[in-house]
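A.B. asks: any chance you could fold what I've pasted below:
(one chain, ligands or ions: 1)
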Amino acid sequence: MKKIKVLFVITLLNSSSIFWSQVDKTTYHSPLSIPLKLSASFGDIRPNHFHMGLDFSTNGKVGLPLFSIEQGYVSRIKITPLGYGRAIYVNHPNGVTSVYAHCSGFEKSIQKIIVAYQEKNQFNEVDITFTSGEIPVTKGQLIAYSGNSGNSSGPHLHFELRDTKSERALHPLVHGFDISDIHAPIPSKIYLYPIDQNGYYLNQKKISIAVVKSGVNYSIKTGKIVLTSDFMEGTDRVLIGVEGTDKIGVDLSVCGLFENELIAGENSIFHSRIDTVSFDHNKLINDYCDYSEYKRNKKKIHKLIHKSSNDLDIYKSAPLQTIQLRGNDSIPTVIKLTDAKQNRSTLNFDIVFRKELGTIVSTSKPSALYFLPDSAYYIEEVGNAIRFNPHALFEPFKKTLVITKDKIQLGTAITPLNNGASVSMIPIESAPIDKQYIYLQGEKEQKEALKTQVINGKLEAELPSLGTFKVGIDLTAPTILPHNFSASDTSIVKSAIQWKVDDSKTSISSYNLFIDGKWKVIEYDKKNKLINCVFEPLENGLMNFKLILKDVCGNEAVWTKNLRVN
Ligand SMILES: [Zn+2]
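C.D. replies: Just a heads-up that it's a prediction; the model follows:
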């Protein structure tokens, strides 16, 4: 009986995945009333994540109406100072959720529900979920207004489709959302790296070669890449990376690569397609791309290798199939780049190695000299400790760890990490522990404060990358300055009042405004360092303002003043 139940669940899951492709491509309503113009596509390489949706231009404007693409119900509303800013989620009957982010506001009746919730709980930041009966919407119904809230670098709509059950992000253009596109991807450069049998970089060596157009296809100038004994020293395997763009839609918006296949000789050895990404897997992008080239030079290099520990759903081929030389050989190599609408470019060249192969490094990097990705480490000295869970490291890293009383140092921020790496540090004696935090010391003077917890009398932080980690003390309260009025004003004629706020060492963690003692909803626009309070049409007269900010170390700043609002 139990077995039948399990089978039934599997059948349901399968049918929901079939559902995505069965949605009639012409049925979705446009989320905007202006022609759709892409400015970024799904899967584009970003810092620490894939771009999980489509960005649509709003012609530099905020406040354009946003429409639900299909009938359903509002399932979630989230308001945060960074990230998606104001975001609205709509669940649809076909098992898909649509998400509209960076909004300036919500439709009037929805806005009312949110403000009532904010006022009741005195929360400026919310993450509210709704069930199917609460806010039903019809197809094409106005639900919100476009904006620039959260971590948005200019007004636009960030639009997503997600599988409602698994919450995985879906590529809208291969999951029922149509945009016409007749242009194939354009490769610009290929890269070669010597690797070991685990797919790890063997050393720092790298070759880059420009791609040239060759008839309808692409090639490289000489047609062949001749590898030297020096380049191949110690290995018989080569990793290929490809850089390129894809122009989508009538406006030829420049987007990233979608589907990459590598054929060596007769065999297809690598195939990836960024059609769905789990939010839990997002940091694995730092292993998918050449992270140091991205961090240093903003180059978006797609590495054509599926490492066995990389769980991204984008890999469609078996792990660890690589180009392997035999010595005195020439391998005809093809890279096929395909976009979401099946437009394809083909890049052909030969990989040539005219010599006998030297001695091959047949074993992994020695564990005595390297921290290895599949191992766990906990190293403590003088009370300070660093921890790596298995697969927190993407690549073996030389054991150059330095732990002193003042710092933990391993490599630099150019080496990315997956989740599961942390440091634990003893607090500085001269200050209370709750005023202390761990920071990543940048290569110059910059310090990046990390989210720090106090656990058993020590400070702990998850690591964003390798680097130098130290303990800082924050005894300074945030600063609050008038922004759209002057400190000497006694009255303002405005529909909103704004303050410029900042915290020099850590970050602002709470912000509350009281007008005549009554809590009032405000918005914290973190990227612009602004606090924004919008007045209701009939809200005027002499008011007492009291704005209270706290940073993550509990330092409090209070700004108070009587102002006449006209
Ligand atoms: Zn976006």
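A.B. asks: is Ser41 in contact with Ile248, as I believe?
C.D. replies: Yes: at 5.9 Å, Ser41 counts as touching Ile248 under the criterion of C-beta atoms under 8 Å. Placement of C-beta: from N, CA and C, glycine included.
A.B. asks: which one is Ile274 nearest to, not counting chain neighbours?
C.D. replies: Closest residue to Ile274 apart from its sequence neighbours, by C-beta to C-beta, 6 or more residues apart in numbering: Gly43 at 3.3 Å.
A.B. asks: residues contacting the one you found?
C.D. replies: Phe50, His51, His171, Gly256, Leu257, Phe258, Ile274, Val277, Ile314 (C-beta atoms under 8 Å, 6 or more residues apart in numbering).
A.B. asks: what distance do you get for it to Leu36?
C.D. replies: Distance of Gly43 to Leu36, computed by C-beta to C-beta, to the nearest Å: 18 Å.
A.B. asks: same check, this time on Gly457
C.D. replies: 55 Å.
A.B. asks: quick one: contacts for Asn566?
C.D. replies: Ser491, Ile492, Val493, Asn540.
A.B. asks: returning to that earlier point: okay, and the common contacts of Ser41 and Ile248?
C.D. replies: Shared contacts of Ser41 and Ile248, counting by C-beta under 8 Å, 6+ apart, come down to Leu173, Cys255, Ala340.
A.B. asks: quick revisit: can you put the contacts of Gly43 in JSON lines and add neighbour count, distance to Lys518 and pLDDT?
C.D. replies: Compiled in JSON lines, the contacts of Gly43 are given as follows (neighbours: other C-beta atoms under 10 Å; distance: C-beta to C-beta, whole Å; pLDDT from 0 to 100):
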{"residue": "Phe50", "neighbour count": "24", "distance to Lys518": "43", "pLDDT": "96"}
{"residue": "His51", "neighbour count": "21", "distance to Lys518": "41", "pLDDT": "96"}
{"residue": "His171", "neighbour count": "25", "distance to Lys518": "46", "pLDDT": "96"}
{"residue": "Gly256", "neighbour count": "23", "distance to Lys518": "48", "pLDDT": "92"}
{"residue": "Leu257", "neighbour count": "25", "distance to Lys518": "53", "pLDDT": "94"}
{"residue": "Phe258", "neighbour count": "27", "distance to Lys518": "52", "pLDDT": "96"}
{"residue": "Ile274", "neighbour count": "27", "distance to Lys518": "49", "pLDDT": "96"}
{"residue": "Val277", "neighbour count": "23", "distance to Lys518": "44", "pLDDT": "96"}
{"residue": "Ile314", "neighbour count": "24", "distance to Lys518": "51", "pLDDT": "96"}
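A.B. asks: quick one: which two of those residues are the most distant?
C.D. replies: Greatest spatial distance among these (C-beta to C-beta): Leu257 and Val277, at 14.2 Å.
A.B. asks: in the protein, which spans are helices?
C.D. replies: Assigned helices in the chain, in chain order: 2-22, 108-121, 285-288, 291-297 (criterion: DSSP state H).
A.B. asks: worst average pLDDT in the ones you listed?
C.D. replies: Lowest mean pLDDT within those: helix 2-22, at a mean of 38.
A.B. asks: using CSV, write out the CA atom coordinates for stretch 392-401.
C.D. replies: Extracted C-alpha coordinates of stretch 392-401, given in CSV (Å, rounded to 0.1, in the frame of the first residue of the first chain):
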residue,chain,number,x,y,z
ALA,A,392,32.8,24.5,1.2
LEU,A,393,36.0,24.8,-1.0
PHE,A,394,35.5,24.5,-4.8
GLU,A,395,39.2,23.8,-5.5
PRO,A,396,42.1,22.5,-3.4
PHE,A,397,43.8,25.3,-1.6
LYS,A,398,47.5,25.4,-0.5
LYS,A,399,47.8,25.2,3.3
THR,A,400,49.1,28.7,3.8
LEU,A,401,46.8,29.3,6.8
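A.B. asks: which residues touch that stretch?
C.D. replies: Under C-beta under 8 Å, 6+ apart, the answer for stretch 392-401 is 200-201, 286-287, 291, 307, 364-365, 368-373, 379, 386, 408-411, 415-421, 466.
A.B. asks: quick one: buried ones out of those residues?
C.D. replies: Buried by 16 or more other C-beta atoms under 10 Å: 200-201, 286-287, 291, 307, 365, 370-373, 386, 408-411, 415-418, 420-421, 466, out of those.
A.B. asks: now His102, nearest residue through space, not along the chain?
C.D. replies: Ser152 (4.2 Å).
A.B. asks: name the residues of stretch 337-349 that come out as buried.
C.D. replies: Leu337, Thr338, Asp339, Ala340, Lys341, Asn343, Ser345, Thr346, Leu347, Asn348, Phe349.
A.B. asks: so which of those residues comes closest to Ile225?
C.D. replies: Phe349 (6.1 Å).
A.B. asks: neighbours of the residue lying closest to the closest one once chain neighbours are set aside, how many?
C.D. replies: In this structure, Phe349 finds its nearest non-sequential neighbour in Ile220, 5.0 Å apart by C-beta to C-beta, 6+ apart. A count of nearby residues for Ile220, using other C-beta atoms under 10 Å, gives 19.
A.B. asks: surely Ile220 and Ile209 touch.
C.D. replies: Yes: Ile220 lies in contact with Ile209 (C-beta under 8 Å); the separation is 5.1 Å.
A.B. asks: picking up where we left off before, have a look at the shared contacts of Ser41 and Ile248 and tell me the least confident one.
C.D. replies: Scoring the shared contacts of Ser41 and Ile248 by pLDDT puts Cys255 last, at 89.
A.B. asks: from what I can see it touches Ala40, true?
C.D. replies: Yes: Cys255 is in contact with Ala40 according to C-beta under 8 Å; the separation is 6.3 Å.
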